[in-house]
Structure formats: C-alpha cells, structure tokens
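> The following comprises the amino acid sequence and a computationally predicted model.
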Amino acid sequence: THHFDKEREAIEAQNAAMVANAKKNAAAFEMCKSENATPVWNSRAEVDCLTTKGRVASRQVVAVNP
C-alpha cells in the first residue's frame, strides 16, 4: 500500500497545483477583461494583456503568494 500512498500524494499535489493555476488564470482574465485582451503571464507576478493582434494592451502586476 506504500506505493499507492505515494502515488495518491503525487496526484493530490498535481490537482492542488492545477487548482492554483486555474485561479491565477481566472484572476489574469479578470484583470484583462477591461482591456478586452488575452492574459499572458510573463513572470510570477506580471501579466501582459495582449490584444487580438498580439500587442501588449497593458501590463498588470499581481501580488502572488508563493
């Protein structure tokens, strides 16, 4: 059963990371909504809001908890 515990822990960690990432992406979309642009994370704390032509409409700095 030890092997299964390790596998379950890995899956739980992966799921937690996916949830955190989804929240980050949702926050980025929320910030870019006023720009009507697509968010692209360029670092842990900066989001570029790109227009449909790929230009940077704005850059948002986010307070991200480590």
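Now that the structure is in, tell me what you want to look at.
> and the next element down the chain from whatever helix or strand residue 18 lives in?
Under the criterion DSSP states H and E, the helix or strand holding residue 18 is helix 2-32. Scanning forward in sequence from helix 2-32 by DSSP H and E, the next helix or strand is strand 38-41.
> Can you name the next helix or strand after that next one?
Where DSSP H and E defines the elements, the next helix or strand beyond strand 38-41 is strand 46-50.
> ok now that next one, how far from the chain's centre?
Strand 46-50 has its C-alpha centroid displaced from the chain centroid by 11 Å (C-alpha atoms, centre = their mean, to the nearest Å).
> cool, stretch 37-56 as well?
Distance of stretch 37-56 from the chain centroid (C-alpha atoms, centre = their mean) equals 12 Å.
> could I have it exported to CSV, CA atoms only?
As requested, C-alpha coordinates have been extracted for stretch 37-56 and formatted as CSV (Å, rounded to 0.1, in the frame of the first residue of the first chain):
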residue,chain,number,x,y,z
ALA,A,37,-7.4,41.2,-24.1
THR,A,38,-5.8,37.8,-23.5
PRO,A,39,-3.7,37.5,-20.4
VAL,A,40,-0.2,36.0,-20.7
TRP,A,41,1.9,35.5,-17.6
ASN,A,42,5.5,36.8,-18.3
SER,A,43,6.7,36.2,-14.7
ARG,A,44,5.3,35.0,-11.4
ALA,A,45,3.8,38.5,-10.7
GLU,A,46,3.3,40.2,-14.1
VAL,A,47,0.6,39.6,-16.6
ASP,A,48,0.6,41.1,-20.1
CYS,A,49,-2.8,41.7,-21.6
LEU,A,50,-2.4,41.0,-25.3
THR,A,51,-4.8,42.4,-27.9
THR,A,52,-6.1,40.2,-30.7
LYS,A,53,-3.2,41.4,-32.9
GLY,A,54,-0.7,40.3,-30.2
ARG,A,55,0.2,43.7,-29.0
VAL,A,56,0.5,44.4,-25.3
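> got a list of contacts for it?
Contacts of stretch 37-56 with the rest of the structure, by C-beta atoms under 8 Å, 6 or more residues apart in numbering, involve 24-25, 28-29, 31-32, 35-36, 57-64. (C-beta placed from N, C-alpha, C; glycine too.)
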